[in-house]
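Fold the stuff below for me.
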Amino acid sequence: MYELNLSKEQKILLNCVAMGLSETPETLLLSPTDLQGADWETVVKEGLAQTVSMLAFDAAKAYKDYIPQEVYAKWKNLFLQGYAVNVRVQQAQAELAQLMSEQGFSYVVIKGESSAAYYNNPELRALGDVDFLIDTSKQAEIENALVQAGYEKDGMAHISHVIFKKPAAHLEMHFQIPGIPVGEKGQKVREFIKDAATSGVKKQGGLTEFSAPTDEYHGIIILLHMQHHNLNDGMGLRHLCDWATYLQKTHEQPFWEERLLPLMREIGILKYASVVTKLCAKYLGTVCPEWAKDAEDELCDGLLADTFLGGNFGRKDNERARSGALIAQKGEKQRGPIATLAVSLHRAIVLKYPIVKKVWILYPFIYVWKVIKNLFQMLTGKKVSIGKMIPKAQERKALYDRLEVFEETEDEKE
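Purely as a prediction, here's the structure:
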């Protein structure tokens, strides 16, 4: 039986986050006994690692008398820095929205401000860059419009997006959402969201209106994105907050029973969604619909422990983050860690060097060069060694296997 042992500082951070998400934060206040002896510097560091520092600081004002002045001042400064980053991202998004509107292109902002719109205080949701999903039939035209507007296209290939940059702006133009499973399940997801980019709804962001996915599409987008990071570099509390606030605002809408829950069952992600939902209810005080109430408490606790161990995008533990390369993707043939790493390298080469699809004679030379380069970087300490990654991968896989993400149902096995 898994037993979750949270530190006093982690409990305080969870409380501050829960208060930040609640419409009645005063009902969640901790007692002086709960706060006594807390290391507030650790609370601040954990908030940064989980990318919820702004949300937590705003709620922690209620505990100002318990926080050392120098720590509070540092936290306030970090809050202001985070706010400045948000404004910069909002400016980039406003410029994108204007460009797309003037050119008549359909798009939706995914994650980011689309997730923030569900928060009681959207300005407290930390932003990173501008991710937007496009109508793929217009991809060439949109890329040309961005280049003409002064953006530089990043040559690095990615499985689901293309990066465009210019000073103070980082855009990720998605031609598909991240986290889509392989095979037939992936096709079901693509069919479900095929109109997501062309059916956006207008929402008010920090500086201007933008196009966001409908509630129905937003749910599957952030759920797949969350599990994708779970399996790879790591999920943070910000991901949980995005799901919790979305669920809090939409759980009574009919599309849940009519479309979203049936899709989750079909592709094998309902158990994962149930665990995440009950986790948020237990530790962040948000709603737990009937379909999630039977989720195992042990799995909820294990997933929260995994979140605290890794941090947002794995920033707390690089070895743990890198170990995702040794875990086979769900729905694929299950391999050992070394074989999985070899397949991951193969995919990276095909993605980064598309010329090998036409000139296969180049492939073995690039593969060998990559292997030698990676081994050299491991030996010199520039990359985490396989020996350090394997135990982390085994630990993570033991938990993820129990979540049964994208696994076959009994009917499919027959």
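
who touches the residue located most distally from the centre of the chain in this structure?
Farthest-out residue of the chain from its mean C-alpha position, per CA atoms, centre = their mean: Ile361, at 37.5 Å. For Ile361, the contact set (CB atoms under 8 Å, 6 or more residues apart in numbering) is empty. Heads up, the C-betas are built off the backbone N, CA and C, glycines and all.

again with Glu123
By CB under 8 Å, 6+ apart, the contact list for Glu123 reads 83, 86, 116, 206.

Asp135 now?
105-107, 197-198.

and Gly206, how many neighbours?
18 (other CB atoms under 10 Å).

Mind checking what secondary structure the residue farthest from the centre of the chain has?
helix (DSSP: H, G, I helix; E, B strand; the rest coil).

how close does it get to Val368?
As for Ile361, its distance to Val368 is 13 Å (criterion: CB to CB, to the nearest Å).

again with Gly206
Taken as CB to CB, the span from Gly206 to Val368 is 49 Å.

Isn't His174 up against Ile159?
No: His174 is beyond contact range of Ile159, at 10.3 Å (criterion: CB atoms under 8 Å).

out of the two, which sits in the more crowded spot?
Just comparing His174 and Ile159: by other CB under 10 Å the higher neighbour count belongs to His174, 22 against 11.

residue contacts, the more buried one?
110, 131-134, 160-161.

From the contacts of Asp135, which land in strands?
Tyr107 (DSSP state E).

ok, of the contacts of Asp135, which one's closest to Gln93?
Tyr107 (10.8 Å; CB to CB).

surely the closest one meets Asp131?
No: using CB under 8 Å, Tyr107 is not in contact with Asp131; the gap is 10.5 Å.

same for the helix or strand in which Ser101 is found, what does it pack against?
According to DSSP states H and E, Ser101 maps onto helix 69-103. Where contact means 3 or more CB pairs under 8 Å, 6 or more residues apart in numbering; DSSP states H and E, helix 69-103 is packed against helix 40-49, helix 53-60, strand 107-109, helix 112-116, strand 130-134, helix 139-148, strand 169-174, strand 209-212.

isn't Asp129 right up against Val89?
Yes: under the criterion of CB under 8 Å, Asp129 makes contact with Val89 at 6.5 Å.

one step back: the residue farthest from the centre of the chain and Ile355: what is the separation?
From Ile361 to Ile355 the distance is 11 Å (CB to CB).

Take the helices and strands packed on helix 69-103 and write them to a markdown table, including distance to Leu78 and mean pLDDT.
Shown next, in a markdown table, are the helices and strands packed on helix 69-103 (distance: least, CB to CB, whole Å; pLDDT from 0 to 100):
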| stretch | distance to Leu78 | mean pLDDT |
| --- | --- | --- |
| helix 40-49 | 7 | 96 |
| helix 53-60 | 6 | 97 |
| strand 107-109 | 25 | 97 |
| helix 112-116 | 18 | 96 |
| strand 130-134 | 22 | 97 |
| helix 139-148 | 32 | 96 |
| strand 169-174 | 21 | 95 |
| strand 209-212 | 26 | 95 |
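
list the contacts for the nearest residue to His251 once chain neighbours are set aside?
Distances taken as CB to CB, 6 or more residues apart in numbering place Pro289 nearest to His251, at 5.0 Å, with adjacent residues excluded. Taking CB under 8 Å, 6+ apart, we find Pro289 in contact with 247, 251, 256, 277.

Likewise for Trp243?
Neighbours of Trp243 in contact, by CB under 8 Å, 6+ apart: 222-223, 226, 276-277, 280.

One more pass at 6 Å, please.
Contact analysis of Trp243 by CB atoms under 6 Å, 6 or more residues apart in numbering lists Val276.

Mind telling me what element it is part of?
helix 237-250.

Could I get the buried residue list for that helix?
237-248, 250 (16 or more other CB atoms under 10 Å).

how distant is that helix from the center of its chain?
11 Å (CA atoms, centre = their mean, to the nearest Å).

Next SSE downstream of it?
Remark: after helix 237-250, the chain's next helix or strand is helix 255, criterion DSSP H and E.
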